[in-house]
Every structure is written in C-alpha cells, then in structure tokens.
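S.K.: Quick one: sequence plus predicted model below, questions after.
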Amino acid sequence: MISRRAFAALAFALSLPLSFSGANAAEPLPDMVMGSEDAPVTVVEYASMTCPHCANFHSTTFKELKTEYIDTGKVKFVLREFPFDPLAAAVFMLARCSDDKYYDVVDLYFEHQREWAVQEDALPKIRGLARQAGFSDDDFQACLTDQKLLDGINAVKDKGYEEMGVRATPTIFVDGEKLEGSRDMRALRDAIDPKLDS
C-alpha cells in the first residue's frame with residue numbers, strides 16, 4: 001500500500017484524490033485482458049509503472065510473447081496493477097481511464113519511463129504523455145481525482161500481495177503458477193508450451 005504521506009505529496013502536485021482509503025473500501029478492478037478470452041493458457045503479470053525491470057520486460061520479452069502466443073490465440077494476457085508509489089498509481093489510473101486504449105497507454109508510459117519516473121518534476125511529462133494518448137486537460141484532471149478508481153487499483157495490489165504472494169515486480173503467473181527465476185522468453189516458453197500440449 002502506498003503511504004498516505006507519500007500519496008498526499010503527489011496528490012497535491014498531480015491533483016490526485018487526497019483521501020487514500022485503500023482496498024478496504026473497494027473491490028479490485030476487473031482484469032484488462034489482451035488476447036482471446038478462449039485462449040488455453042493465461043499469463044498474468046503484476047507490474048508497477050515505475051519499475052525499470054517491468055519496462056524492460058515490456059520492451060523485450062513481452063513483444064515476443066505477444067507475437068508468438070497472444071496474437072495467435074494461444075495465450076490470454078492480463079496485466080494487474082501493483083504500484084509501488086504514487087507516480088505508478090497515477091499512470092495506472094490514466095491507463096484505466098483510457099478504456100479500450102489501456103495497453104496502448106501502458107506501452108507509452110513504459111517506453112518513456114526514464115522521462116517521467118525518475119524526474120523531480122514528473123507532472124509536465126505525465127501530462128504531456130497523457131495528451132499524446134488523447135487526454136484533454138479536463139479528462140486528465142477528472143481521471144486523477146477519481147477516488148473510486150484509485151481505491152480499486154490499490155485493491156488489485158492488495159489482493160496480489162495477500163492472495164498471490166506478490167512482493168516484487170514484474171511477477172509472472174502462468175495458469176496460476178508463479179514463474180520463478182528468469183522471466184525471459186525461453187522461461188515463458190518452458191512454462192507455456194507443456195500446457196498447450198496437454
């Protein structure tokens with residue numbers, strides 16, 4: 001859970017909701033699915049938008065996973081929010097507010113992570129990328145002041161922590177089994193292919 005103090009500081013800068021009630025007041029948001037709902041294998045990734053390992057996974061391994069398994073109907077992919085800090089929560093909120101562009105927004109912010117995630121003054125960069133994704137200033141403000149959305153994202157994180165044992169990102173599950181060790185394409189193939197053959 002992101003601390004109230006850390007969130008309040010960012011809330012002031014980003015105009016995010018100041019009330020940070022957390023998952024106790026909300027149900028986890030529904031999964032954002034990429035690929036066929038009928039795919040025989042489900043891959044779930046828990047990620048934080050400010051995690052450099054997650055950005056690397058998405059720029060390398062995930063692209064191969066998408067081409068080889070998701071686009072071919074073999075794998076259904078789900079990204080679950082596990083924000084480590086207020087910036088990550090804010091970007092996940094923007095992705096959720098984009099509806100059918102969820103994964104496009106996630107990709108955009110991962111691709112430009114170094115420009116906003118490690119900067120002192122992140123707001124202009126986050127806002128600029130949101131504009132590229134089609135957000136007006138009013139849309140941006142409305143999204144980042146949606147308390148129910150923030151609570152839902154934190155409920156996703158809390159459920160991952162409490163029920164799935166997620167402690168770091170990226171954490172990958174293949175049909176509910178945690179992928180230990182390497183998260184490269186070879187490890188994913190080794191986890192996925194036997195399930196396709198069975």
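M.R.: That came in fine, so what should we check first?

S.K.: can you pull the buried residues of the longest helix that the chain contains?
M.R.: Ranked by residue count and defined by DSSP state H, the top helix of the chain is helix 147-164. Buried residues in helix 147-164, counting neighbours by 16 or more other Cβ atoms under 10 Å, are found at 149-160, 164. C-beta: built from backbone N, CA, C; applies to glycine.

S.K.: Tell me which stretches of the protein form helices.
M.R.: 4-14, 52-59, 61-65, 86-97, 102-111, 113-116, 123-132, 137-143, 147-164, 185-197.

S.K.: can you tell me which of the ones you listed comes nearest to residue 39?
M.R.: helix 185-197 (9.7 Å; Cβ to Cβ).

S.K.: On the strand side of things, show who the closest residue to residue 153 other than its chain neighbours bridges to.
M.R.: Closest residue to residue 153 apart from its sequence neighbours, by Cβ to Cβ, 6 or more residues apart in numbering: residue 81 at 4.8 Å. Counting by DSSP bridges, residue 81 is bridged to residue 47.

S.K.: Could you tell me which residues make contact with residue 108?
M.R.: If you count contacts by Cβ atoms under 8 Å, 6 or more residues apart in numbering, residue 108 has them with 129, 132, 133.

S.K.: ok, the first one - contacts?
M.R.: Applying Cβ under 8 Å, 6+ apart, one finds that residue 129 lies in contact with 108, 109, 112, 116.

S.K.: ditto for the last one
M.R.: Taking Cβ under 8 Å, 6+ apart as the criterion, residue 133 is in contact with 94, 98, 101, 104, 105, 108.
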